[in-house]
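Colleague: Starting from these lines, generate the structure:
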Amino acid sequence: MDKSLCLDTGPITLYHLKDTPREVSHLMSAIEQGVFTTYIPEIILVEVFYRLCLISGKSFAESSLRSFTNKFPLQILTVPEDIVFKAGELKCRYRDLSYNDCVIAAWAMKLHAQLHTTEKKFPNDLKALRIKTYEF
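Modeller: Model (predicted):
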């Protein structure tokens, strides 16, 4: 089993739903127990807030995100120059990917971490990217 992962918006959003999928619950339990070193680019947290706000409003989004970042041992990542360049290169090459998808993919490749996501548009030719996809 991989020991490091990058966590995208989808699994975090799924975790906050009333009927959290079992697979996501197991993942979050493993993260909470420290089985994985878990990385999240801070820009992903902006997207998580947005998704949670759409689902249940601003107060829900604030309390959920605050609770999430306090409960789990997470490594929150900024976007340094090398990630800017790699994410920009990915966006230039794969125009259908969102900017956030490009940022998290760049981080996952740099860290040799598995990317946990609900995104299904990641190209198959990104050999350096290991992806675990969840159904949304």
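Colleague: Strands of this protein, start to end?
Modeller: 4-7, 37-41, 74-77, 114-117, 131-133 (DSSP state E).
Colleague: Just send those strands back as CSV, with mean neighbour count, distance to Lys86 and mean pLDDT too.
Modeller: Yep, even glycine has a C-beta here, placed from its N, CA and C like the rest. Formatted as CSV, those follow (neighbours: other Cβ atoms under 10 Å; distance: least, Cβ to Cβ, whole Å; pLDDT from 0 to 100):
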stretch, mean neighbour count, distance to Lys86, mean pLDDT
strand 4-7, 24, 13, 97
strand 37-41, 21, 12, 98
strand 74-77, 15, 13, 98
strand 114-117, 23, 14, 96
strand 131-133, 15, 16, 94
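Colleague: between these, which one is nearest to Asn124?
Modeller: Closest approach to Asn124 among the strands of the chain is made by strand 131-133 (9.7 Å; Cβ to Cβ).
Colleague: quick check, distance from that closest one to the centre of its chain.
Modeller: 11 Å (Cα atoms, centre = their mean, to the nearest Å).
Colleague: and if you look at stretch 69-83?
Modeller: 10 Å.
Colleague: And stretch 9-25, by the same measure?
Modeller: In this view, stretch 9-25 has its centroid 12 Å away from the chain centroid, taken as Cα atoms, centre = their mean.
Colleague: Adjacent strands (with direction) for the lowest-mean-pLDDT helix or strand in the chain?
Modeller: Using mean pLDDT, DSSP states H and E, strand 131-133 stands out as the lowest-scoring helix or strand of the chain, at a mean of 94. Strands that pair with strand 131-133, judged by DSSP bridges, come out as strand 114-117 (parallel).
Colleague: measure Glu42 to Leu17 for me?
Modeller: Distance of Glu42 to Leu17, computed by Cβ to Cβ, to the nearest Å: 23 Å.
Colleague: which stretches of this protein form helices?
Modeller: Assigned by DSSP state H, the chain shows helices spanning 9-15, 22-32, 42-56, 58-71, 81-93, 99-111.
Colleague: how about those helices in JSON lines, adding mean neighbour count?
Modeller: JSON lines is the format used below for the helices of the chain (neighbours: other Cβ atoms under 10 Å):
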{"stretch": "helix 9-15", "mean neighbour count": "22"}
{"stretch": "helix 22-32", "mean neighbour count": "15"}
{"stretch": "helix 42-56", "mean neighbour count": "17"}
{"stretch": "helix 58-71", "mean neighbour count": "13"}
{"stretch": "helix 81-93", "mean neighbour count": "14"}
{"stretch": "helix 99-111", "mean neighbour count": "22"}
